[in-house]
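Visitor: below are the sequence and a predicted model for it; my questions follow.
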Amino acid sequence: MSEIEKTIKISLVVPTYKQEKVIIKEINGLYKVFKELPYDFEIIVVVDGFVDNSYHLLKRLRRPNLRIIGYQDNKGKGFAVRIGMLEATGDIVGFIDGGLDIDPTSIPMALNHFLWYGADIVIGSKLHPVSRVDYPFSRKILSWGYRTLIRVLFGLRIRDSQVGLKFFRKEVVEDVFPRLLVKHFAFDIEVLAVSYSRGFTRIYESPIKLSFDKASSIVGGNFRRAIFNMMWDTTAVFYRLKILNYYNKSTSERMK
């Protein structure tokens, strides 16, 4: 272990919704991965609504460095991630979608990329050359279309913005996350677009292992509705960013 590694603390936020059947298995898997890494760490689970037994199961789980946050009403992934990220104390702060779709062994690769590049942000990418993804052709077409739109609207030269595995420097979290508004759809693109506009441009992609057989957290039950909502929220982010200049305003100005 290097002297630098000894001083680094990693915070990982896990937003969860209706995952009582898998959440304990997921947290145990994350602990197994982090115990093999040379970093201090904390795991923050945010239970996005008391709609099942997830919160009570987690509160009974005796793990060091585990923090459980929960609230009554479901507010969406973006809200849950934002709450957890702002509570984090690590030097590098990230989140991973709940539901076991993303293999936790993707985390060490993301952290290695982060330190190697001196990144502001590292994002998991289905399109990284060495990613292992069971990725249907229809999803590839949709991903290509959305990626093209993102480049046109925001100038982001990334191949995949939507994977629920991302790590940020603490400074990025402190500057960007209090400015965010999207609670449900297009949260991932909002955080990347706002970060880029705020000068955090060192964004790199890392490989992931993902199985769409378990991808319950990727798209909700109504696929067409989900696509519409994502497009609507993406357009709203563009309007706030490029027209209103909302994200660069001071806290008092944003509260008006």
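Guide: Everything's here; your move.

Visitor: which stretch of helix or strand covers the residue nearest to E36 when sequence neighbours are not counted?
Guide: Nearest residue to E36, sequence neighbours excluded (C-beta to C-beta, 6 or more residues apart in numbering): P108, at 7.8 Å. For every residue, glycine as well, the C-beta is placed using N, CA and C. Assessed by DSSP states H and E, P108 sits inside helix 106-117.

Visitor: which helices and strands sit right next to that helix?
Guide: The contact analysis (3 or more C-beta pairs under 8 Å, 6 or more residues apart in numbering; DSSP states H and E) places helix 106-117 against helix 23-35, strand 92-96, strand 121-125, strand 165-169, strand 203-207.

Visitor: that helix versus helix 23-35: what angle between them?
Guide: 40 degrees (axes from the mean of the first three to the mean of the last three C-alpha atoms, to 10 degrees).

Visitor: show me which positions of helix 106-117 end up buried.
Guide: S106, I107, M109, A110, L111, H113, F114 (16 or more other C-beta atoms under 10 Å).

Visitor: now it - C-alpha only, CSV.
Guide: C-alpha atoms of helix 106-117 as CSV (Å, rounded to 0.1, in the frame of the first residue of the first chain):
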residue,chain,number,x,y,z
SER,A,106,-16.3,-2.9,-11.6
ILE,A,107,-15.5,-0.6,-8.6
PRO,A,108,-11.7,-1.3,-8.3
MET,A,109,-11.3,-0.6,-12.0
ALA,A,110,-13.1,2.7,-11.7
LEU,A,111,-10.9,3.8,-8.8
ASN,A,112,-7.7,2.8,-10.6
HIS,A,113,-8.8,4.9,-13.5
PHE,A,114,-9.6,7.8,-11.2
LEU,A,115,-6.1,7.8,-9.6
TRP,A,116,-4.2,7.1,-12.8
TYR,A,117,-5.8,10.0,-14.7
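
Visitor: distance of Y55 relative to V133?
Guide: Distance, Y55 to V133, using C-beta to C-beta, to the nearest Å: 31 Å.

Visitor: whoops, M255 was the one
Guide: Going from M255 to V133 by C-beta to C-beta gives 41 Å.

Visitor: same drill for the two, tell me which one is more crowded.
Guide: Comparing M255 with V133 by other C-beta atoms under 10 Å, the one with more neighbours is V133, at 20 against 7.

Visitor: give me phi/psi at the more buried one?
Guide: Backbone torsions for V133, taken as degrees, to the nearest 10, come to phi -140, psi 130.

Visitor: beta partners for it?
Guide: When assigned by DSSP bridges, V133 has beta-bridge partners L210.

Visitor: per-residue confidence at it?
Guide: With respect to pLDDT, V133 has a value of 89.

Visitor: contacts only, for it.
Guide: Shown in contact with V133 (C-beta atoms under 8 Å, 6 or more residues apart in numbering): K126, I208, K209, L210, S211, F212.

Visitor: if I pick the fourth one, what's in contact with it?
Guide: I take that to be L210. L210 sits next to D101, I102, D103, S106, K126, S131, R132, V133, D134, Y135, V163 when contact means C-beta under 8 Å, 6+ apart.

Visitor: try it again at 10 Å.
Guide: 97, 101-103, 106, 124, 126, 131-135, 163-165, 218 (C-beta atoms under 10 Å, 6 or more residues apart in numbering).
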